[in-house]
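Participant: Generate a structure from the sequence data that follows.
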Amino acid sequence: MTDGYPCSAAILPHSYPFVLIDRIIEREAGKRIVCLKNVTFNEEFFQGHFRDNPVMPGALIIEAMAQASGLIMGSEQQGAAALLSRVNDARFKMPVRPGDQLVINSEVIQKFPPLHVFKVTAQVQDVIVAEAEITLALVS
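Facilitator: Next up, the predicted model:
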């Protein structure tokens, strides 16, 4: 793996606090991507989510997985947005805590324009902490 490059608003159409991808590590255009999310204690959601035992909310893990997947679709149509359409077979296997580095692997498994289906896993220290099949719709 390389250090990759930072994920900015020019690449991902979200702004703080909803940018949940920090860095792109690997990318195979239109096929797969590997991204990083550094989970830090100063994230706003930790202030109210299990304050004495902070855990990253599962919904935000899914959102980070969807954002990574959307980056695969990003170059397909200028001005279009990749919107979350469906989440199937989501499983959360271990909690994600402050200090963890979430490595998100997403791969296109089907295309039915404007829909794309992805198999996505999130790992911490090479252990899968979450996985799902995510469908995104490309809309103008």
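
Participant: is residue 34 in a bridge, and if so with what?
Facilitator: residue 26, residue 105 (DSSP bridges).

Participant: What count of nearby residues applies to it?
Facilitator: 19 (other C-beta atoms under 10 Å). In short, each C-beta sits where N, CA and C put it, glycine included.

Participant: Next one: it from residue 123, what distance?
Facilitator: Here the distance between residue 34 and residue 123 works out to 10 Å (C-beta to C-beta, to the nearest Å).

Participant: hey, what's in contact with both of the two?
Facilitator: 103, 104, 105 (C-beta atoms under 8 Å, 6 or more residues apart in numbering).

Participant: and of those residues, the nearest to residue 45?
Facilitator: Closest to residue 45 out of those is residue 104 (17.3 Å), distances taken as C-beta to C-beta.

Participant: so the closest one touches residue 70, yeah?
Facilitator: No. Residue 104 lies out of contact with residue 70 (C-beta atoms under 8 Å); the separation is 11.4 Å.

Participant: okay, the residue lying farthest from the centre of the chain: pLDDT?
Facilitator: Note on the chain: the largest C-alpha distance from the chain mean falls to residue 52, namely 25.8 Å (C-alpha atoms, centre = their mean). Residue 52 is assigned 81 on the pLDDT scale.
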